[in-house]
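Participant: build me a structure from this.
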Amino acid sequence: MNKKLVIIPTYNEIENAEKIIRAVFDLEGDYHILIIDDGSPDGTAGVVKKLMKEFPEKLFLIERSGKSGLGTAYLNGFKWALARDYDYIFEMDADFSHAPSDLSKLHQACQEGADLSVGSRYKDGVSVVDWPMSRILISYFASVYVRKVLGVKIYDSTAGFVCYRRKVLETIDLDAVEMKGYGFQIEMKYSAIKLGFKLTEVPVIFVNRKEGTSKMSGRIFGEAFWGVIRLRFRKILPKGEK
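Facilitator: Numbers count the residues shown, from 1 in each chain. You can find the predicted model right below:
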């Protein structure tokens, strides 16, 4: 089976929503899209609803009442995807920092043996465009920190451009995932590795958003920093085991 779903969380992405949806649907491969909108006051959900009439069997929307965290958005999306028998589930940002055309690279990596593939900014050096040096350093050394503390060889542990085979999301206990911000990305990758799944990093070029505003904050960074230490001492068990 080859049923593919791209999950895109949104908050105030009215400048990008229609563009990113059309860009994904222009690709070969019959991708479906699930937008998870956290009550965007700028009308993002309204744009998606209009496009759902044009793409009634390919575009879906979950509306949430407020900002509940990136991690909870993806967890909702994962459960939605598993309930509808998708075989490959992708994470992708709405702001074109991830090139939609690279979805095929992630999908191919999973078809060739990976259980999850990660669009990596740091696998082959630093592949980031238009980010300030301070943010590059924070992001790069965050992954160095994760490698040292958790003992896993991931060059871009905070990457949010990922393809999962469904068996990975079926095995991880999604209700036990603790981190809600960008630390969620670290926790999911670490959990998959600890449960015996094969992770492959696919080099991509990450481009800073052209429109809209970043959702990064000091609170999100702090959660990831301390969450990694707690994660080091947690036992990761598959779903259904105590």
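
Participant: scan the protein for its longest helix.
Facilitator: helix 133-150 (DSSP state H).

Participant: with only the CA atoms kept, save it in PDB.
Facilitator: Taking Å, rounded to 0.1, in the frame of the first residue of the first chain, the C-alpha atoms of helix 133-150 are listed here in PDB:
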ATOM      1  CA  MET A 133      23.900  32.900  12.600                       C
ATOM      2  CA  SER A 134      22.700  32.900  16.300                       C
ATOM      3  CA  ARG A 135      19.800  30.700  15.400                       C
ATOM      4  CA  ILE A 136      21.900  28.300  13.300                       C
ATOM      5  CA  LEU A 137      24.300  27.900  16.200                       C
ATOM      6  CA  ILE A 138      21.400  27.200  18.700                       C
ATOM      7  CA  SER A 139      19.800  24.700  16.300                       C
ATOM      8  CA  TYR A 140      23.100  22.900  15.400                       C
ATOM      9  CA  PHE A 141      24.400  22.600  18.900                       C
ATOM     10  CA  ALA A 142      21.000  21.500  20.200                       C
ATOM     11  CA  SER A 143      21.500  18.400  18.100                       C
ATOM     12  CA  VAL A 144      25.100  18.000  19.400                       C
ATOM     13  CA  TYR A 145      23.600  18.200  22.900                       C
ATOM     14  CA  VAL A 146      21.100  15.500  22.100                       C
ATOM     15  CA  ARG A 147      23.700  13.200  20.700                       C
ATOM     16  CA  LYS A 148      25.900  13.600  23.800                       C
ATOM     17  CA  VAL A 149      23.100  13.200  26.300                       C
ATOM     18  CA  LEU A 150      21.000  10.500  24.600                       C
END
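
Participant: now do the helices in this protein.
Facilitator: Under the criterion DSSP H, the chain contains helices at 17-25, 44-54, 70-83, 103-111, 133-150, 166-171, 183-194, 218-232.

Participant: just want the angle from the longest one to helix 218-232.
Facilitator: Interaxial angle of helix 133-150 relative to helix 218-232 (axes from the mean of the first three to the mean of the last three CA atoms, to 10 degrees): 20 degrees.

Participant: so how far is helix 133-150 from its chain's centroid?
Facilitator: 18 Å (CA atoms, centre = their mean, to the nearest Å).

Participant: what's the angle between the longest helix of the chain and helix 183-194?
Facilitator: 40 degrees.

Participant: residues in contact with I20?
Facilitator: Listed by CB atoms under 8 Å, 6 or more residues apart in numbering, the contact set of I20 reads 8, 13, 92, 94-96, 100. Where C-beta positions appear, they are placed from N, C-alpha and C, glycine not excepted.

Participant: burial of A114, as a residue count?
Facilitator: 21 (other CB atoms under 10 Å).

Participant: which residue sits closest to it, ignoring its sequence neighbours?
Facilitator: What sits nearest to A114 in space, not counting adjacent residues and going by CB to CB, 6 or more residues apart in numbering, is T200, at 3.7 Å.

Participant: wait, that neighbour touches S120, no?
Facilitator: No - counting by CB atoms under 8 Å, S120 is not a contact partner of T200; they are 9.2 Å apart.
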